[in-house]
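Asks: Based on what follows, work out the 3D shape:
(one chain, ligands or ions: 3)
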Amino acid sequence: MKIAIASGKGGTGKSTVAANLACTLSCSREVALVDCDVEEPNLHLFFPAPAVDVPVTTPVPEIDPARCNLCGECGKFCRFGALSVLKDRVLVFPELCHSCGGCSLVCPQGAVREVPRTVGRVACSRPLPALTLISGVLNEGEVMAPAVIRAAKLLAEGHPLTLYDASPGIACPVIETLERSDACILVTESTPFGLHDLRLAAEVVERVGIPAGVVINRSDGKDEETLDFCRERGLPVIMTIPFSREIAAVQNRGGLICRDLPGWEERFAALFEAIVKIAGVSP
Ligand SMILES: Nc1ncnc2c1ncn2[C@@H]1O[C@H](COP(=O)(O)OP(=O)(O)OP(=O)(O)O)[C@@H](O)[C@H]1O
Ligand code: SF4
Ligand code: SF4
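Replies: Ligands and ions are numbered 1, 2, ... in the order given. Coordinates of the predicted model:
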């Protein structure tokens, strides 16, 4: 079973929910937690442990000047501007390449071969007896976040229960994270910005075809607009977390509220039961 934790807006508490849910569940079962926020992974801060790194590479073209006749077909084909055919050579911009493989297929001279290029890494650790943490890390200056997310998710394959912590927003890295998830927990906060971005995120999960439930975090007890929206969209609200200095203090020292504050382990266990019901599949 695969559960994604996402939110339209940054800083709403995705990592808080993902880390506490993973920790709670690992008391009773084997869990893999995948940090898909590859531009800024932070779950390792909750679960410090020695990690093994696996490099992530993507194939990019390399042109053989001895074969290339500068016909320009590869440049015409590439939709991403990663190839520029000049008078005397073909320039390759590897960081723009989406590794579709098209240029090597269309080259009539067989002058394009694919070479691996490292864009990031996946760090694997075992911070708790039944918890595997898999963190995708995109190299600085790289843009191919989906490739690192795919690699991180692949490493988690085979685990009976996997949680994916998505990046904020609704761009391709989030879509890549949502792919093949059984359900999604949408984390929001009761502010106009939170509601605006929840609308966008709700639309995305609907389009991807994944059932979802909502966690309202940093609640000040005035959640009516968010509750109305959820009711209209048929999105069940499956947990409410108050805005609390105590929660912030635990988190800011790298602690977990399910371990350090009474009652939260039970609440995260109940959150899991609720999302399992929404997913309609057994873990
Ligand atoms: N209920 C709460 N009460 C007080 N502080 C909170 C609460 N929930 C989260 N925070 C604090 O808000 C900050 C952001 O939380 P968190 O990192 O979980 O958000 P996020 O959605 O994962 O962020 P990002 O968009 O960067 O991935 C953290 O400093 C956390 O301690
Ligand atoms: S398609 Fe092949 S032969 Fe033509 S410019 Fe590109 S690399 Fe050269
Ligand atoms: S592999 Fe695809 S994206 Fe990359 S340079 Fe070739 S055509 Fe462009």
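Asks: Any regions of the protein where pLDDT drops low?
Replies: 283 (pLDDT under 70).
Asks: Within range of ligand 2, give me the residues from it.
Replies: Taking CB under 6 Å from any ligand atom as the contact definition, the chain meets ligand 2 at 63, 68-74, 85, 90, 107, 109, 111-112. Bear in mind the C-beta positions are built from the backbone N, C-alpha and C, glycine included.
Asks: my guess is residue 247 contacts residue 241, does it?
Replies: Yes - judged on CB atoms under 8 Å, residue 247 makes contact with residue 241 at a distance of 7.2 Å.
Asks: intersection of neighbour lists for the two?
Replies: residue 16 (CB atoms under 8 Å, 6 or more residues apart in numbering).
Asks: Would you map the helices across the chain?
Replies: 14-25, 73-77, 102-106, 145-156, 172-178, 192-208, 224-233, 245-252, 257-260, 264-279 (DSSP state H).
Asks: want to throw these into CSV with mean neighbour count?
Replies: Converted to CSV, the helices of the chain look like this (neighbours: other CB atoms under 10 Å):
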stretch, mean neighbour count
helix 14-25, 25
helix 73-77, 18
helix 102-106, 17
helix 145-156, 22
helix 172-178, 22
helix 192-208, 17
helix 224-233, 14
helix 245-252, 14
helix 257-260, 18
helix 264-279, 17
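Asks: Minimum distance to residue 123: which of the ones you listed has it?
Replies: helix 145-156 (9.0 Å; CB to CB).
Asks: Flag every residue of the stretch 51-200 of the chain that's near ligand 3.
Replies: With CB under 6 Å from any ligand atom as the criterion, the stretch 51-200 of the chain meets ligand 3 at residues 61, 77-78, 80, 82-83, 97-103.
Asks: that older thread, most neighbours, which of the residues of the chain next to ligand 2?
Replies: Using other CB atoms under 10 Å as the neighbour test, the residues of the chain next to ligand 2 are led by residue 74, with 27 neighbours.
Asks: Would you mind confirming that it is in contact with residue 61?
Replies: Yes - shown here, residue 74 and residue 61 form a contact pair, counting by CB under 8 Å, at 7.3 Å.
Asks: any common contacting residues for the two?
Replies: With CB under 8 Å, 6+ apart, residue 74 and residue 61 have common neighbours 83, 103, 112.
Asks: got the residues of this structure near ligand 1?
Replies: Residues of the chain lying near ligand 1 by CB under 6 Å from any ligand atom: 7, 10-16, 37, 168, 217-218, 241, 243-244, 247-248, 251-252.
Asks: Okay, domains of this structure per the record?
Replies: Following the TED database, one finds the domains of the chain at 2-56+120-279, 58-118.
Asks: need the contact list for the closest residue to residue 185 other than its chain neighbours.
Replies: Of all residues not flanking residue 185 in the chain, residue 5 sits nearest, at 4.7 Å (CB to CB, 6 or more residues apart in numbering). Residues near residue 5 by CB under 8 Å, 6+ apart: 14, 17, 18, 21, 163, 164, 165, 166, 184, 185, 187.
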